[in-house]
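Participant: sequence first, then the predicted structure:
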Amino acid sequence: MPVILQLGDIQFLDTEIPSRINFAGHQMLGVHKMIGGQRQIDAMGVDPDDQRWRGMFFGENAKFRAQFLEQMAQSGQVYGLTYEGFSYSVVIHYFKPLYEAPFKIPYEISVVILENLTNPINVLPLASYDQEIQTTLFEAYNIALLLRNDPISGAMAAVNVATENVNFNDASLIELNNIGVTIQSARNVVTTQIQQLSQEIFG
């Protein structure tokens, strides 16, 4: 989730900040089909997607902040959009606030990109051990929640606690051994639950 999201003079805060924003776009291609099935493809440049997100203005200034953004949308002017290292010049395509109360106004917004000002990535950084491990643990924990099995959910919660705030690149052997014991215990719980469920289903 972006920590700082700014559009023009508005810096979005708290509930105004979305959980996700799309970026990138697609390559415009001219595809020429020839006799015999051969093709010639001409790359004509990137057509960036409109960026869309939603949030909620909340608090005593919610109505005024929503009105200010509405005025920006109506102006048709070019604004700067920045978040988490991304930077663009954009025009607001639409802004759709939903008035629920003076202090609570959910909104949706879409902007058309005029120019991508984000610094290019010239070297691909390698994924760290921490990133790979935490991603795998996050996926495993979400699967455990979907199973709605208390022993498995509890075991995976214990793994999350054991690995929380651990830097695997610099972890000591004792830390890794303790984590390994917790993971092995979770593995045993999962295996046992699978066996029990299989017996209940298939007899």
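Facilitator: Structure received.

Participant: and the lowest-mean-pLDDT helix or strand in the chain, what does it pack onto?
Facilitator: Lowest by mean pLDDT, DSSP states H and E among the helices and strands of the chain is helix 129-147, with a mean of 76. In terms of contacts (3 or more Cβ pairs under 8 Å, 6 or more residues apart in numbering; DSSP states H and E), helix 129-147 is packed against helix 150-163. Glycine gets a C-beta too; all of them are placed from N, C-alpha and C.

Participant: chain center to the helix it packs on: distance?
Facilitator: Taking the mean of its C-alpha atoms, helix 150-163 sits 24 Å from the chain's own mean (Cα atoms, centre = their mean, to the nearest Å).

Participant: outline the domain layout of this protein.
Facilitator: Split into domains by automatic domain parsing, the chain comes to 5-116, 129-202.

Participant: all strands for this protein, in order.
Facilitator: Ranges of strands in the chain, per DSSP state E, are 5-7, 10-12, 25-33, 39-48, 51-58, 78-83, 86-97, 104-116.

Participant: what's the distance between residue 110 and residue 141?
Facilitator: 33 Å (Cβ to Cβ, to the nearest Å).

Participant: swap in residue 92?
Facilitator: 38 Å.

Participant: of those two, which one has the most company?
Facilitator: residue 92 (22 against 16; other Cβ atoms under 10 Å).

Participant: give me the mean pLDDT for whichever helix in the chain runs longest.
Facilitator: Selection of the longest helix in the chain by residue count, based on DSSP state H, yields helix 173-202. Helix 173-202 carries an average pLDDT of 85.

Participant: on the pLDDT front, check residue 9 for me.
Facilitator: Listed pLDDT for residue 9 reads 93.

Participant: residue 56 too?
Facilitator: 95.

Participant: got it, and the one 3 residues further on?
Facilitator: The predicted structure scores residue 59 at 92 on the pLDDT scale.
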